[in-house]
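Participant: need coordinates for the below:
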Amino acid sequence: MHRLLAPVLLTSAILATLAACNGKPSAGVGSAPKISVVATTCLVKDLVQNIGGDRVEVQSIVPCDIDPRMYTPEPRDSQKIAQAQMVFHNGLNWEGGLQKILKGQSDADRRVFSVSSGAPIDRLGAIPGELGAYDPHIWFNVTLWKYATESVRTRLSDSDPSSKAAYERRATAYMHELDTLDEYIRQHVRFVPAEQRVLVSTHTALSYFAKDYRLEFRQVPFEKMDQAQLDTLADLIVQRKIPSIFIDKDHPREGVLQLVQAVEARGGKVAVNAEIVFDVLGEPGTPAGDYVGIMKHNVDVIVEGLRSTPAKS
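Facilitator: This next block holds a predicted model:
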């Protein structure tokens, strides 16, 4: 080895070793820095990370165990959004208190993107009594989440064209994962007797699930119902032997309790199931720590809840 070349190689080896020990990639010649991305929620973060891979550094504003509607923005949130190279949010007014911050940034530049923007309007669930408003829980419909995947792929590719091929590959792989999830759901729903394929719930998010997987959906109001509405729901549950009502554990239960009493008065029995995860994710690395995991959990809860045989009073 040339005498002058040896010290150079030794120095390079030492620097590489130190970088590896620190757990940080070295910014070698020609390497592009990661794109700093802010996601409003952990569901959106999970989606962006799946498409962006090691080209993005993604942080979520709302903690994974907090319902975004209940989140109170902190002063540092505005700073995070302002400093990020790209910002992804669910859209459809899902982000609650963060909405005003997002709108201000959207007016100022083109860094802020809604993952729901590519979803066809006719596939969205209109909110009764609110003209032009749609239910934001699009992730309960795998097909709509595939539209969201396409939106993220397009935005990342447009902002970072040199990595377009990588985004295409990762998006294709994730689409395949979503197709597998979709088939998992369809196969499991078939285990539910046809007469009992009815989702009775306080949460309209399940209407997205019901529509795509050929179940009926009936909403239970938070407050007490009028007698006609109560009779209709109670008769349906008893006649079709629907075993479970699915609720969000954070929702008021006055209407649910009224319905349970009406079912029991008719000689039936119905369980109240609060195990569906509607708006949050579990700890990263756990089965419920990503979108696919949480949807598998939810379909397992739904199928088990609808397959059981209701007991008689």
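
Participant: contacts, neighbours, all on C-alpha from now
Facilitator: Fine.

Participant: OK, contacts around residue 258?
Facilitator: For residue 258, the contact set (Cα atoms under 8 Å, 6 or more residues apart in numbering) comprises 224-225.

Participant: helices and strands around the longest helix belonging to the chain, which ones?
Facilitator: Counting residues, the longest helix in the chain under DSSP state H turns out to be helix 164-189. Judged by 3 or more Cα pairs under 8 Å, 6 or more residues apart in numbering; DSSP states H and E, the packing partners of helix 164-189 are helix 42-52, helix 142-159, helix 291-307.

Participant: what mean pLDDT does it get?
Facilitator: Across helix 164-189, pLDDT averages out at 98.

Participant: next one: it to chain centre, how far?
Facilitator: On the basis of Cα atoms, centre = their mean, to the nearest Å, helix 164-189 sits 15 Å off its chain's mean C-alpha point.

Participant: give the buried residues for that helix.
Facilitator: Neighbour-count burial for helix 164-189 flags 164, 166-168, 170-172, 174-175, 178, 181-182, 185, 189 (criterion: 16 or more other Cα atoms under 10 Å).

Participant: quick check: next helix or strand after it?
Facilitator: Following helix 164-189 in sequence order, the next helix or strand is strand 198-201 (DSSP states H and E).

Participant: same list (the helices and strands packed on helix 164-189) but as CSV, adding mean neighbour count.
Facilitator: CSV is the format used below for those (neighbours: other Cα atoms under 10 Å):
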stretch, mean neighbour count
helix 42-52, 23
helix 142-159, 21
helix 291-307, 19
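
Participant: with residue 215 as the reference, name the closest of those.
Facilitator: When the helices and strands packed on helix 164-189 are compared by Cα to Cα, helix 291-307 sits nearest residue 215, at 11.0 Å.

Participant: can you pull the phi/psi pair for residue 114?
Facilitator: Main-chain dihedrals, residue 114, degrees, to the nearest 10: phi -100, psi 130.

Participant: what about it, neighbour count?
Facilitator: Neighbour count for residue 114, taken as other Cα atoms under 10 Å: 17.

Participant: give me the pLDDT for it.
Facilitator: Reported pLDDT for residue 114: 94.
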